[in-house]
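In: What follows is a predicted protein model with its sequence.
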Amino acid sequence: MEQVLNAVMDLVVPPASMVMLAFAWSTLPFLRGVEWALKTLTKEDMLGKVVVITGASSATGEQIAYEYARRNANLVLVARREHRLFGIRDNARLLGAGQVLVIAADVVKEDDCRRLVSDTVSYFGQLNHLVNTVSLGHDFNFEEAADTTAFPLLGIEPSEKPPKVNSGL
Ligand SMILES: NC(=O)c1ccc[n+]([C@@H]2O[C@H](COP(=O)([O-])OP(=O)(O)OC[C@H]3O[C@@H](n4cnc5c(N)ncnc54)[C@H](OP(=O)(O)O)[C@@H]3O)[C@@H](O)[C@H]2O)c1
């Protein structure tokens, strides 16, 4: 009985696999085509839209600025190093950005955040996308911590004093 089963499997499985592969081969490009069509049809037209990018002076934020520039958006580039933002503004313009506003601001400061939003709205009259790429990590000595209310939540007893606390926001 086992031999018969094996013989049947030997006969059926290889051709069945070939047929399945043949279907999969043609289905994949079809699905990719549908995905491409959907993306193209539903892609937001960024022409004339205003995009604020924080952390635009390097790395991720800079590249996101260029991606929006290729889609002809108006940009607001935000970071603390203003001199770097000017170079990125020039690159973005070459790539097709509309108007590019540079704002030197520290997003840790609430006043700076308010200023960058109000400057954007008063310059462009609108704000459509906000892309925050700034990551804020804080290192401080345990003894210097002003607010210790979170320590019990972190499982730290007041008697334990590790040299450093590192909390990424
Ligand atoms: N790079 C990666 O491979 C990677 C991978 C996964 C996730 N991520 C995440 O992606 C995000 C960006 O990463 P990244 O590599 O692009 O970081 P990054 O190179 O450290 O860039 C940070 C940007 O934020 C700006 N910035 C920092 N503090 C600021 C502040 N207080 N106010 C205003 N601007 C400030 C910096 O400009 P200024 O110094 O001029 O202000 C810089 O333009 C982070 O959240 C990171 O965790 C990155």
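Out: In hand now; what should we look at?
In: helix, strand or coil for residue 147?
Out: coil (DSSP: H, G, I helix; E, B strand; the rest coil).
In: If you tally nearby residues, what's the number for it?
Out: Neighbour count of residue 147, defined by other C-beta atoms under 10 Å: 6. Glycine gets a C-beta too; all of them are placed from N, C-alpha and C.
In: cool, residue 130 as well?
Out: 15.
In: what's near enough to touch it?
Out: For residue 130, the contacting residues are 51-52, 54, by C-beta atoms under 8 Å, 6 or more residues apart in numbering.
In: Double-check that it belongs to a strand.
Out: Yes: assessed with three-state DSSP, residue 130 lies in a strand.
In: What parts of the chain come near the ligand?
Out: 54-55, 57-61, 79-81, 84, 106-108, 133-135 (C-beta under 6 Å from any ligand atom).
In: Report pLDDT for the residue nearest to the spatial centre of the chain.
Out: The residue lying closest to the centre of the chain (C-alpha atoms, centre = their mean) is residue 133, at 6.8 Å. Listed pLDDT for residue 133 reads 96.
In: I figured it was touching residue 65, is that so?
Out: No: using C-beta atoms under 8 Å, residue 133 makes no contact with residue 65, being 9.5 Å away.
In: which neighbours do these two share?
Out: With C-beta under 8 Å, 6+ apart, residue 133 and residue 65 have common neighbours 53, 56.
In: Tell me the buried residues in the helix or strand containing residue 116?
Out: Using DSSP states H and E, residue 116 maps to helix 110-124. Using 16 or more other C-beta atoms under 10 Å as the test for burial, helix 110-124 gives 112, 116-117, 119-120, 124.
In: Need those in CSV (columns: pLDDT).
Out: CSV is the format used below for the buried residues of helix 110-124 (pLDDT from 0 to 100):
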residue, pLDDT
112, 96
116, 96
117, 96
119, 97
120, 97
124, 97
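In: what's the burial count for residue 128?
Out: 14.
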